[in-house]
Each structure stands twice: as structure tokens, then as C-alpha cells.
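Asker: Provided below for reference: sequence and predicted model.
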Amino acid sequence: DTPAGTVSVPPGSFFQVNPGCAAILVNTVAAIINECQPSTVIDLYCGSALFGVTAVRHGVPRIIGLELDSAATAAAEYNLKNAGAEDFKIITGNAGKLFKEIQDSFEPDSSLMICDPPRTGMEKSVLSGICNSRVRHLAYISCSPDTLCRDLRFLTRHGYRVQSSQLIDMFPRTPHFETISRLTRDDG
């Protein structure tokens with residue numbers, strides 16, 4: 001169970017293992033959703049759709065998700081249906097290769113893109129795709145400060161501004177933490 005409700009996660013698929021920190025992430029994403037009021041959430045590296053489910057529970061009518069792990073995408077579809085989503089599309093495959101497929105399927109001014117990439121950060125093709133799509137609102141969740149800094153540098157050089165960044169101590173007394181950054185683009 002999460003603040004987004006019950007979410008099914010297949011064995012071996014990624015999920016935030018610290019429930020307290022997962023709750024903070026979900027609640028922070030929910031606050032961003034409530035502030036932006038998007039008509040579409042694009043959930044890159046969506047896993048089992050924890051943030052997609054959060055979006056549905058906060059009234060977002062349309063979800064688009066990309067995820068490499070096919071077991072996780074099956075769980076994402078199940079979780080979104082369980083949450084009451086009616087308009088969603090989950091695509092299995094590499095986000096860098098698939099981003100072009102979804103680029104024309106959302107309105108940049110009324111969409112929120114949620115990115116929760118692996119430790120290696122986002123591929124350059126995804127970063128370029130985000131900038132070319134001109135999506136106005138972006139939430140970037142990261143477990144790796146070096147790749148987060150690299151990716152934020154790229155995004156800020158291409159029209160995005162960091163509005164806020166929050167550190168979440170995943171495992172006290174270790175160097176592991178999550179960061180959630182909110183970015184916006186003024187020109188949509």
C-alpha cells in the first residue's frame with residue numbers, strides 16, 4: 001500500500017523500498033499535479049505506474065507511460081485499470097527510442113512529464129525530445145546526484161528553470177538519497 005493506493009509490483013521489478021520515502025515522493029508528485037492541473041501525465045520510466053496511479057487519483061484524465069521492463073508494464077496497466085484510469089497507454093521499450101512515438105500525442109502547455117530514470121539518468125535522445133516537445137511542466141526524480149546535475153544542466157540550457165528541488169534521505173546513515181526536482185518552461 002502507498003499513499004496512491006495499492007500498487008502491484010512484479011518480483012524483480014524496481015520499486016522504492018523505503019515506504020516512508022515512497023510516501024514523500026508520491027505526496028510531492030501529488031502536490032505538483034494539483035498545482036499544474038495537467039490534462040495528460042507522461043510517465044517516463046514508469047515502472048509499475050506508481051506516479052501514473054497518483055495522477056489518476058488526483059483527477060488527471062490521460063496517462064502515457066514508457067517502460068523497458070515488460071513485467072512492470074503489465075503491472076502498470078493493471079494498476080492504472082484498478083485506479084479507474086480510462087484513457088491510458090503504456091508502451092514497453094527503451095524511452096530513448098520510443099520518445100518520438102509519443103511526442104505528438106500530448107499538448108505541451110497542459111501536460112506534466114514525470115521522469116524517474118535509472119541511476120544512469122536520461123538518455124540524450126530523451127532530453128532532446130523533452131526540450132523539442134516544449135512540455136511546460138516537468139518533475140524529475142533521481143537517485144543519482146551526478147546524472148541529475150548533468151541532466152538538469154542540459155534542461156536549463158534549453159529553456160527550463162528549476163522551481164524547486166527536495167532531497168529525501170532514503171536510507172539514513174548511508175549516502176543514498178532521492179531528489180525530486182520541479183522544472184517549468186515559460187514559453188510552453
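Answerer: Now that the structure is in, tell me what you want to look at. Numbering: from 1, shown residues only.
Asker: Do a quick rundown of the strands in this structure.
Answerer: Here the chain has its strands, by DSSP state E, at 40-44, 62-67, 87-92, 111-115, 137-142, 160-168, 178-185.
Asker: by contact count, what packs against the fourth one?
Answerer: It refers to strand 111-115. helix 19-36, strand 40-44, helix 50-57, helix 124-133, strand 137-142 (3 or more CB pairs under 8 Å, 6 or more residues apart in numbering; DSSP states H and E). No exception for glycine: its C-beta is placed from N, CA and C like everyone else's.
Asker: With mean neighbour count, mean pLDDT and distance to residue 6 added, can I get those in a markdown table?
Answerer: Shown next, in a markdown table, are those (neighbours: other CB atoms under 10 Å; pLDDT from 0 to 100; distance: least, CB to CB, whole Å):
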| stretch | mean neighbour count | mean pLDDT | distance to residue 6 |
| --- | --- | --- | --- |
| helix 19-36 | 18 | 90 | 13 |
| strand 40-44 | 27 | 96 | 18 |
| helix 50-57 | 26 | 95 | 9 |
| helix 124-133 | 18 | 94 | 30 |
| strand 137-142 | 24 | 96 | 21 |
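Asker: May I see those organised as CSV, with distance to residue 108 added?
Answerer: Listed next are those as CSV, based on distance: least, CB to CB, whole Å:
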stretch, distance to residue 108
helix 19-36, 12
strand 40-44, 10
helix 50-57, 17
helix 124-133, 6
strand 137-142, 9
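Asker: quick one, which of these is nearest to residue 177?
Answerer: helix 19-36 (8.6 Å; CB to CB).
Asker: how about the nearest residue in space to residue 89 that is not next to it in sequence, what does it touch?
Answerer: Residue nearest to residue 89 in three dimensions, not counting chain neighbours: residue 64, with 5.2 Å by CB to CB, 6 or more residues apart in numbering. With contact set as CB atoms under 8 Å, 6 or more residues apart in numbering, residue 64 has these partners: 40, 41, 42, 43, 88, 89, 90, 91, 102, 105, 106.
Asker: is it true that residue 54 touches residue 26?
Answerer: Yes: under the criterion of CB atoms under 8 Å, residue 54 makes contact with residue 26 at 5.3 Å.
Asker: I figured residue 154 hits residue 125, correct?
Answerer: No: applying CB under 8 Å as the test, residue 154 and residue 125 come out as separate, 11.6 Å apart.
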